[in-house]
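**Student:** Have a look at this prediction, sequence included:
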Amino acid sequence: MTKLSVNINKIATLRNARGGNLPDVLKCAVDIQRFGAQGITIHPRPDERHIRYDDAVKLKPLITTEFNIEGYPSKEWMDLVLKVKPEQATLVPDPPGVLTSNAGWNTIEHESFLKEIISELKKNKIRTSIFIEPNLKQIANAVKTGTDRIELYTESYAKNFSKNKEEAIKPFVESAKLANKLGLGINAGHDLSLENLNYFYKNIPNLLEVSIGHALISDALYYGLENTVQLYLRQLK
């Protein structure tokens, strides 16, 4: 079974646009779980332009499924994660000012750094995943970092899906086969949508989890949040 973890950053973006607490990020997280999602993902950034660090603390007792905190492992981010202790921490190599995640880790160049961070997280019984591109060398070296899982960065798949879905999925299938062989769990995320999710799901062996935010929250404007969560869950069957 592939879990759906909903990234609620965009809900927080809408709240922050006017101040106050509308929409209520905490209530939305509870509702999304009630609607069937098997996880909640947040990606707090240093400027707190969407999810705030305080949101993470408040969300922890409300998450009854799986809590996944993404982000660049700065001291501040690590302090937050070690305080909150989510079920999963996903390491993303995005610098402070980036608009959205746009690259995977170079696990060869940053092997020692990742190994140190992952060791600290695992000491605290937090499952780890690293954001990575479908590059066989990088995935092979990911094992040396000690990570439990990789999260395949799916932007290139989403971008090329409508042109040639067979070619678009090919590097991800090869990457998944290698990850399975190496004993790495497989997550995926970035630009997955109602259009391209089912084909990805059907072709990636042992896909454990997808993290979806922007497309799902955008679709909810048209279909409603509960119906949208159900529509995405249907793509994973």
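**Tutor:** Arrived safely.
**Student:** going forward, measure contacts between C-alpha atoms and count neighbours the same way
**Tutor:** OK.
**Student:** Packing partners of the lengthiest helix in the chain?
**Tutor:** The single longest helix within the chain, with elements called by DSSP state H, is helix 165-182. Counting by 3 or more C-alpha pairs under 8 Å, 6 or more residues apart in numbering; DSSP states H and E, the packing neighbours recorded for helix 165-182 are helix 136-142, helix 155-160, strand 185-189, helix 197-203.
**Student:** if you set the cut-off to 7 Å instead, what comes out?
**Tutor:** Using 3 or more C-alpha pairs under 7 Å, 6 or more residues apart in numbering; DSSP states H and E, the elements in contact with helix 165-182 are helix 155-160.
**Student:** And the average pLDDT for the helix it packs on is what?
**Tutor:** Summarised as a single mean, pLDDT over helix 155-160 is 97.
**Student:** Check this structure and tell me which residue is nearest its centre.
**Tutor:** Closest residue to the average C-alpha location of the chain: residue 211 at 4.1 Å, with C-alpha atoms, centre = their mean.
**Student:** Could I get the phi/psi values of that residue?
**Tutor:** phi -110, psi 120 (degrees, to the nearest 10).
**Student:** Mind listing the residues bridging to it?
**Tutor:** With DSSP bridges as the criterion, residue 211 is bridged to residue 5, residue 189.
**Student:** isn't it right up against residue 188?
**Tutor:** Yes: at 6.4 Å, residue 211 and residue 188 qualify as touching, with contact defined as C-alpha atoms under 7 Å.
**Student:** and residue 158, what is it in contact with?
**Tutor:** Going by C-alpha atoms under 7 Å, 6 or more residues apart in numbering, residue 158 touches 191, 192, 196.
**Student:** which of the residues you listed count as buried?
**Tutor:** With burial judged by 16 or more other C-alpha atoms under 10 Å, the buried subset of these is 191, 192, 196.
**Student:** pretty sure the second one contacts residue 213?
**Tutor:** Okay, so that is residue 192. No: using C-alpha under 7 Å, residue 192 is not in contact with residue 213, being 8.7 Å away.
**Student:** ok, so of the contacts of residue 158, who is nearest residue 47?
**Tutor:** residue 191 (22.8 Å; C-alpha to C-alpha).
**Student:** which SSE is that closest one in?
**Tutor:** For residue 191, there is no host helix or strand (DSSP states H and E).
**Student:** just checking, it touches residue 153?
**Tutor:** No: between residue 191 and residue 153 there is no contact under C-alpha under 7 Å: 9.0 Å.
**Student:** quick one: contacts for residue 1?
**Tutor:** Counting by C-alpha under 7 Å, 6+ apart, residue 1 has contacts residue 208.
**Student:** Look up how far residue 224 lies from it.
**Tutor:** Residue 1 is 25 Å from residue 224, where distance means C-alpha to C-alpha, to the nearest Å.
**Student:** cool, residue 62 as well?
**Tutor:** Using C-alpha to C-alpha, residue 62 is found at 22 Å from residue 224.
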